[in-house]
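Student: generate coordinates for the sequence data below:
(one chain, ligands or ions: 1)
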Amino acid sequence: MTFLVINGPNLNMLGIREPDIYGRRTYADLEAHIRGAAQRLGVAVELFQSNHEGAIVDRIQEAYGKADGIIINPAAYTHTSIAILDALKAVGLPAVEVHLSDISQREPFRRVSYVAPACIRTIAGMGFDGYTEAIRTLVEHLSRREN
Ligand code: DQA
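Tutor: Predicted structure coming up:
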């Protein structure tokens, strides 16, 4: 199984940006964490980070026919992007939405997710472990589908 892991705008600033909310670990640490989890769970991952909505749409489209599932932290685009919602729906791959922080406990504008309707699950507030949980969710989902 191969999963595409997409991280949206400003997640490349992890470690520097609002450490009280997002912690002191960097984006490179996050990549290492995801690669380690993937290895333990026996799946391949492709990692992509972009600050650009269109680039994220392009990357989701490229996954069509190649990846088995998508893990996406759309960051601020979560709360604005119909284009990312439509791209996820267009490719029809099982997708899991991840947020490091608990978006339900923050400003009201973060409580709305445009991408959630295209995702089988939303995981928020688990920090880096949310990505591990997302991999597990996709593995379970896909093995159920095969049986
Ligand atoms: C985030 C939450 C978003 O509201 C915010 O814009 C981010 C990160 C998270 O991982 O907690 O950039 O997606």
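
Student: right, and residue 97 touches residue 72 too?
Tutor: Yes: Residue 97 lies in contact with residue 72 (C-beta atoms under 8 Å); the separation is 5.9 Å. Every residue, glycine included, has its C-beta placed from N, CA and C.

Student: find residues that contact each of the two.
Tutor: 115, 119 (C-beta atoms under 8 Å, 6 or more residues apart in numbering).

Student: distance check, the nearest residue to residue 90 once chain neighbours are set aside against residue 7.
Tutor: Leaving aside its chain neighbours, residue 90 sits nearest to residue 61 (7.0 Å; criterion: C-beta to C-beta, 6 or more residues apart in numbering). Separation of residue 61 from residue 7 (C-beta to C-beta, to the nearest Å): 17 Å.

Student: who has more neighbours, these two?
Tutor: Under the neighbour definition other C-beta atoms under 10 Å, residue 61 and residue 7 were set side by side, and residue 7 has more, 26 against 11.

Student: now the nearest residue to the more buried one once chain neighbours are set aside: how far from residue 112?
Tutor: If the residues on either side of it in the chain are set aside, residue 7 comes closest to residue 49, at 4.4 Å by C-beta to C-beta, 6+ apart. Plainly put, residue 49 is 23 Å away from residue 112 if you go by C-beta to C-beta.
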